[in-house]
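**Q** prediction below, plus the sequence it came from.
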Amino acid sequence: ENNDFMGVKGLRGQIGKQVADQVWRAGKQQATKAFTLYANIDILRPYFDVEPMQVRNRLLESLVPVRIVKFPQKIAGELYGPLMLVFTMVAILLQGMKTSDTIIREGTLMGTAIGTCFGYWGGVSSLLYFMAYVCNAQITMVQLLSLLGYGLFGPCIVLFVTYNVHLHSLFYLLWIIIGGLSTLRLVCVLVSRTVGHTQRLVLGGTVAALHMLFLLYLHFAYHRILEGLIDSFDVDPLPARVPREVAAITSKLVLTSTAL
């Protein structure tokens with residue numbers, strides 16, 4: 001009996017030890033996951049750690065072209081300001097839908113506006129990064145995202161004004177002045193980081209054409225294309241079903257047959 005008791009006691013001790021080991025391993029895994037998540041967030045923190053005063057200064061600087069292009073110009077490697085500008089442009093596009101004659105039958109189509117703005121920001125930045133690599137320009141992807149994101153400040157001003165004041169002459173004036181200054185700033189910074197006359201022309205001409213044409217597209221063609229897509233996918237509702245009065249129809253048929 002003593003041997004059986006000692007065997008049961010030893011078995012319980014082994015089970016308790018295994019349970020304790022499993023609990024320890026599970027806790028260790030959870031702690032490792034939490035530490036990894038915090039480490040990943042800590043990696044992104046420098047790109048969003050910026051003072052409001054710095055954001056304001058960079059917004060104003062985005063409308064001031066660079067005079068000296070012989071030396072590489074400094075580009076802020078932060079994404080807080082550009083991200084807020086992209087969301088601001090999304091809000092302006094949604095506000096423009098409501099103030100224009102566009103008929104929205106399926107909500108405000110926020111997803112389309114978000115896809116358009118973020119698609120331009122990320123897509124054009126990726127294209128310019130590839131071209132910068134080919135043209136041997138000294139610029140990183142984060143710097144391109146920051147540069148192009150702050151470059152949206154001018155288009156946001158133009159769209160906000162012209163969506164509320166519907167004058168084509170005013171749009172063309174702001175497009176040339178504010179949009180031109182914003183585009184010229186992008187071109188000058190990219191040119192200052194590129195070596196070679198041909199490479200500078202290719203990279204500067206590409207960013208100038210894309211930036212100016214994107215503003216034209218948002219003002220003239222964006223809402224019309226959306227309205228056309230809505231009309232093409234719009235389906236007329238099915239006619240409502242009217243319940244049949246079976247008893248009344250049956251009685252009428254009986255009376256008709258009796259009369260015959």
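**A** On my side now, so go ahead.
**Q** residues contacting the nearest residue to Ser126 once chain neighbours are set aside?
**A** Distances taken as Cβ to Cβ, 6 or more residues apart in numbering place Met141 nearest to Ser126, at 7.8 Å, with adjacent residues excluded. In this view, the C-beta of every residue, glycine as well, is placed from N, C-alpha and C. Met141 is in contact with 125-126, 129, counting by Cβ atoms under 8 Å, 6 or more residues apart in numbering.
**Q** and which of these is nearest Phe160?
**A** For the contacts of Met141, the minimum distance to Phe160 (Cβ to Cβ) is 22.9 Å, reached by Ser125.
**Q** circling back: pLDDT value on the residue nearest to Ser126, please?
**A** Note on Met141: pLDDT of 92.
**Q** ramachandran coordinates for it?
**A** phi -70, psi -40 (degrees, to the nearest 10).
**Q** I'd like to know how far it sits from Ala26.
**A** Separation of Met141 from Ala26 (Cβ to Cβ, to the nearest Å): 38 Å.
**Q** for Val142, same thing?
**A** Using Cβ to Cβ, we find Val142 at a distance of 37 Å from Ala26.
**Q** neighbour count winner among those two?
**A** When Val142 and Ala26 are compared on other Cβ atoms under 10 Å, the one with more neighbours turns out to be Val142, at 17 against 10.
**Q** CA atoms only: put stretch 87-98 into PDB for me.
**A** What follows is stretch 87-98, C-alpha atoms only, in PDB (Å, rounded to 0.1, in the frame of the first residue of the first chain):
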ATOM      1  CA  PHE A  87      -6.800  61.800 -45.400                       C
ATOM      2  CA  THR A  88      -7.500  65.500 -45.900                       C
ATOM      3  CA  MET A  89      -7.700  65.100 -49.600                       C
ATOM      4  CA  VAL A  90     -10.100  62.100 -49.100                       C
ATOM      5  CA  ALA A  91     -12.300  64.400 -47.000                       C
ATOM      6  CA  ILE A  92     -12.100  67.200 -49.700                       C
ATOM      7  CA  LEU A  93     -13.100  64.700 -52.400                       C
ATOM      8  CA  LEU A  94     -16.100  63.500 -50.400                       C
ATOM      9  CA  GLN A  95     -17.100  67.100 -49.700                       C
ATOM     10  CA  GLY A  96     -16.800  67.900 -53.500                       C
ATOM     11  CA  MET A  97     -19.200  65.000 -54.200                       C
ATOM     12  CA  LYS A  98     -21.800  66.700 -52.100                       C
END
